[in-house]
Each structure stands twice: as C-alpha cells, then as structure tokens.
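Return a 3D structure for these sequence lines:
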Amino acid sequence: MVNVTEDGCIIPSVEYQYYLFPAVYILALVIGLPGNLVALFVFAFKITPRTAFSVYISNLALADIVILCTLPFRIHYHLNRNDWVFGDVTCRITGVLFFANIYMSICFMTCICVDRYMATVHPHSYLRMRSPWCSLVVSAVLWCVAAVAILVFILMGPLETNADQSGSHSCFENFAKNEWNTRLVAYSMLSLIFCSLLPSIIILVCYPLAARRISMIKTKTAQRAVRVIYTILAITLLCFLPNHVVYLLHLLRRIDVIKSCSAANAIYNARRVTMALVTLNTCLDPVLYYVTTSHCKWDRLKMTWLCGQIRRSRGVYTIAMS
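Alright, predicted model coming up:
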C-alpha cells in the first residue's frame, strides 16, 4: 500500500526504522539513564563547593534524563510499526518533552562550552564571574522559557497528521500542512535558530580557540585537556550538527522551498538516521562528565565507596570469627 503526501510525493516505506529506533533507544536507556542519574546525584549533591561548571553539568544530566524517560513510549511506537496507541494528549506531552529537551541539552552544552572558554582564554575575567549564582540564573531562565514553550504547544490542542491508509496513528511526524502553517513553522524556525544552529556555531568556535590556547602549555594535563576538547567537538559534529542541518532541510521542504520528491525522500531517510544519532548523545554525556571534569572528586568518591565496602566486609568477618 502506497502513502502519498499532500503535494503528491510518495512517502517511502523505510522498514529499517522499526528496528533502528528501538535498538538505539534501548541502548540509550541501558547506558544513558544510570549514567545520567549518577552524574546528577554527584554534581548536584556531592561536589562542593558548587561551581558554574557543576551547575551546568547537573542541568545537562537532568535534560538527558527527561529525554530518556520518554523513550519507552517511542520504543513501543516504533515496534508497533509507527502506530501510536496512547492517545493524543500523551503524544503531545511525550513528543514535546523529547524534542524540547534535545534543544535544552545543546543549550547546556553551549553554556559549558562558554564557561570553559572563559576559564581558559579569559581567566582573569572568569575569576570575577565564576560565582554559581550567574549559572543558576541562566539555567532557571532556560528552563522557564522551555516550560512556557512546552505548555503553550500542548494547550494549542490536538495534533493533526496526514491520514495513513493503513489506519495507524502517527505521533510527531507526518504533520498535515495546516499544522505547519498554524503551529509548527514558528516553533521550528525559532528552535532551529536559537537552540540548534547558534549553539552549534558557538561550540565549534569557542572550543577550538580554547584548544589553541591550551595547546601552548606543554604539560600532560594540558595535552589531555586538548584531547578532551576535540572529543567534545567530535560528539557535537556526530550527534547534533547532522540533526540540525537535516532539520533545516526538512523545514525548507515543509514550507515548499524544496519541492523535489526525490529530495524529499532523501531528507525523510536522513531525518530518521540523524534522530537516532542525536539520541545517542544521552549515553555519551556520562563519559564526558567523567573525562572533562578535572576538579571532580570521582576518584575520591570511588575510594570512599571502596573503603566503606572493605570496612563492612571486615566487620562481617569479625562477627563471623567471634
């Protein structure tokens, strides 16, 4: 059975998405959820004194956790061959939380980038503004803006999608043209500019500048920091930038700037792959928490835990011998 869009293009049948998305989402849940929960606990409650860096890391972990909590719904959706059975309200809530927190993740990664850039390239200015209060205010503003945008989107009513000949119900895809004209174009353009392209440009500019400054310091610590920076750049290029570029093309397609059916099919396929890639960021972030945080007492926390285990083992042994 062939599905056709409103402008006459055939929607390609992409069987691999029914296996790709569940596999990636399950991997993200298994690795990303415990990693982000541990990171949130450590950076929010164990790291003292609190710094701007730890505040941004905590918020990044929280954004990743929100994304991961929506994945069970999306796993069921794709395993059910893209047929949504949980109702329109649940679709709106989980869908908007999923996409909004992807943008929140890139925003907090940008905040971390700027914080590290200032600490490295402008250390004297950074010493005067490194109070965590500034980062707390920035984080609160970002969450408030996201909350308002999410609430308005949800309260605007049911989402209309193009009718599927198989009778299945889509969730956050295949929107009708009316939805794009009345709701999605404005949201898409604002999020693309301010939450996708601009943060990516800041990361791709600030981190190389920081790496250039650090590379002038001929120590093992400095060289390790340079490798970490390039790792972060690689993750940005792998997970976020492809999604942003493809979403820009997707937006141009939906507002009829791109009219070719062959181009539309290529964008449709690329959108699936890049959405899977951007979700993988949630299981790569915990690695960054460990690698990039020189001031974090991970080793001390680990040794404290090990010592506690040894003391408890000795206590049990002493009781057993007495």
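
show me where the stretch 51-200 of the chain has strands.
In the stretch 51-200 of the chain, no strands are defined using DSSP state E, counting those that start in this stretch.

so where's it shaky on pLDDT?
128-130, 160, 162-167 (pLDDT under 70).

Not counting sequence-adjacent ones, nearest residue to Ser139?
Asn59 (4.8 Å; CB to CB, 6 or more residues apart in numbering). Quick note: C-beta positions are derived from backbone N, CA and C, even for glycine.

can you tell me which residues contact that neighbour?
Residues in contact with Asn59 (CB atoms under 8 Å, 6 or more residues apart in numbering) are 104, 108, 139, 142-143.

So which residues of the stretch 1-150 of the chain form helices?
Assigned helices in the stretch 1-150 of the chain, in chain order: 17-41, 52-79, 88-121, 123-128, 132-155 (criterion: DSSP state H, counting those that start in this stretch).

roughly how far out does the first one sit from the chain middle?
Averaged C-alpha coordinates place helix 17-41 at 11 Å from its chain's average position (CA atoms, centre = their mean, to the nearest Å).

do the same with the longest one
Here the centre of mass of C-alpha atoms in helix 88-121, compared against the chain's by CA atoms, centre = their mean, lies 6 Å away.

Thr282 is in contact with Tyr25, correct?
No - if you go by CB atoms under 8 Å, Tyr25 and Thr282 don't touch, sitting 9.6 Å apart.

neighbour count winner among these two?
For the pair Tyr25 and Thr282, the greater number of neighbours falls to Thr282 (30 against 26), based on other CB atoms under 10 Å.

Remind me which helix or strand that one belongs to.
helix 261-292 (DSSP states H and E).

Flag every buried residue along that helix.
264, 266-268, 270-286, 288-289, 292 (16 or more other CB atoms under 10 Å).

would you turn the helices of the stretch 1-150 of the chain into a markdown table with distance to Cys239?
Below are the helices of the stretch 1-150 of the chain laid out as a markdown table (distance: least, CB to CB, whole Å):
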| stretch | distance to Cys239 |
| --- | --- |
| helix 17-41 | 11 |
| helix 52-79 | 12 |
| helix 88-121 | 9 |
| helix 123-128 | 27 |
| helix 132-155 | 19 |
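
Now Ile112: closest residue in space that isn't a chain neighbour?
Tyr56 is the one closest to Ile112 (CB to CB, 6+ apart), at 4.8 Å.

Equivalent analysis for Ile65, please.
Among residues not flanking Ile65 along the chain, Asn36 sits closest, at 5.1 Å (CB to CB, 6+ apart).

measure that neighbour to Ala234 for me?
20 Å (CB to CB, to the nearest Å).

neighbour-wise, which of the two wins?
Taking other CB under 10 Å, Asn36 and Ala234 do not tie; Asn36 has more neighbours (25 against 11).

who's in contact with that one?
61, 64-65, 68, 282, 285-286.

switch to 6 Å and redo it
61, 64-65, 286 (CB atoms under 6 Å, 6 or more residues apart in numbering).

Between the residues you listed, which sits nearest Asn174?
Asp64 (27.0 Å; CB to CB).

okay but His78 is in contact with Ala23, surely?
No - using CB atoms under 6 Å, His78 is not in contact with Ala23; the gap is 9.6 Å.

Who has more neighbours out of those two?
More crowded of His78 and Ala23, by other CB under 10 Å: His78, with 18 against 12.

distance of that one from Leu29?
14 Å.

what's the answer for Leu190, then?
30 Å.

for Ile106, same thing?
Counting by CB to CB, the gap from Ile106 to Leu29 is 20 Å.

same question, Ala149
Ala149 is 26 Å from Leu29, by CB to CB.

Spatially nearest residue to Ser168, not counting backbone neighbours?
Nearest one to Ser168, counting by CB to CB, 6+ apart, is Asp83 at 3.7 Å.

Tally up the residues packed near that neighbour, please.
Asp83 - counted by other CB under 10 Å - has 16 other residues nearby.

what's the answer for Cys144, then?
Cys144, neighbours per other CB under 10 Å, totals 10.

same check, this time on the one 5 residues further on
Applying other CB under 10 Å, we find 17 residues neighbouring Ala149.

Contacts only, for Ser105.
Counted by CB under 6 Å, 6+ apart, Ser105 has contacts Ala63.

and if we set it to 7 Å?
60, 63-64, 281 (CB atoms under 7 Å, 6 or more residues apart in numbering).

hang on, Lys259 is in a helix, isn't it?
No - assessed with DSSP: H, G, I helix; E, B strand; the rest coil, Lys259 is coil; it does not lie in a helix.

okay, now it: neighbour count?
For Lys259, using other CB under 10 Å, the count is 11.

For Val148, see how far away it is.
From Lys259 to Val148 the distance is 35 Å (CB to CB).
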